[in-house]
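In: Coordinates only, no sequence provided:
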């Protein structure tokens, strides 16, 4: 039996290079109850809901809008999911909910302590879903930075510097550990979770492929460095700048 997929997105859909008969695209806004309910009535019932919608934490939207999308949007989708008897609800949260953890890697037992609007909105969205844990199976994935083909984002700047043989500036030695997750791993985890119903609400901190304990920033540079890129401390670079300017003045 072919799986039918319905995509609800605020952005207009661009035609797939390879047409997919089992995928339906609906344009709508999760902040509008009517938009969400219309999709469930028209295309449901759904066995599994993948709630991936979120505001980008890059200040392109206001903190209030970020909060509304995470909290009110999640509530709208959850209400319709329960109403139309969805069996499973899978929500992609974020590891920014941990704030600045005392140790890495983080686990499901690491306490949440968000420090900015995006993280706080994700924590509240998780609390909203807690209200529905007796009505459907809910699984929450706290994803670290997702990387991979088509998912470089700001990391593209780093790799461009490396490819152009520029200096890469670091805070300290660069040996601080940072957690990433491969886009393919996230996709696989989400897919597998739809086939495994955890009791009540499950919280999953997505593991990562790069290494068991993450990678230091310096090692990431070294692993990618097939050129002549040098790593320099920001403090060292700043002092060199001051000294060079003092020499010009004397």
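Out: Perfect, thanks for sending it. The model shown is predicted, which means the values in this text are computed figures rather than measured ones.
In: per-residue confidence at the residue nearest to residue 31 when sequence neighbours are not counted?
Out: Spatial nearest neighbour of residue 31, chain neighbours left out: residue 73 (5.5 Å); criterion: Cβ to Cβ, 6 or more residues apart in numbering. Every C-beta, even on glycine, is put in place using the N, C-alpha and C of the backbone. Looking at residue 73, its pLDDT is 97.
In: Wasn't residue 73 part of a helix?
Out: Yes - counting by DSSP: H, G, I helix; E, B strand; the rest coil, residue 73 is part of a helix.
In: Numbering from 96 from now on, please.
Out: In the new count, where the first residue is 96, that last one comes out as residue 168.
In: Let me see the contact set for it.
Out: 125, 126, 148 (Cβ atoms under 8 Å, 6 or more residues apart in numbering).
In: what about this structure, any weak spots by pLDDT?
Out: Where the chain drops to pLDDT under 70, the residues are 96, 109, 266, 269, 271, 291-345.
In: quick one, strands of this structure?
Out: Under the criterion DSSP state E, the chain contains strands at 100-104, 118-122, 143-146, 183-189, 232-238, 240-242, 263-265, 272-273, 275-277, 296-300, 310-311, 326-328.
In: which other residues reach the fourth one?
Out: Contacting residues not belonging to strand 183-189 are listed as 142-147, 149, 152, 169, 173, 176, 213-214, 217, 220-221, 224, 227, 231-238, 281, 285, 288-289, 292 [Cβ under 8 Å, 6+ apart].
In: Report the separation between residue 223 and residue 178.
Out: Distance check for residue 223 against residue 178: by Cβ to Cβ, to the nearest Å, it reads 15 Å.
In: Same drill for the two, tell me which one is more crowded.
Out: Taking other Cβ atoms under 10 Å, residue 223 and residue 178 do not tie; residue 223 has more neighbours (19 against 13).
In: Number of residues surrounding residue 98?
Out: Around residue 98 there are 9 other residues, counting by other Cβ under 10 Å.
In: That one touches residue 117, doesn't it?
Out: Yes - with contacts counted by Cβ atoms under 8 Å, residue 98 reaches residue 117, the gap being 6.3 Å.
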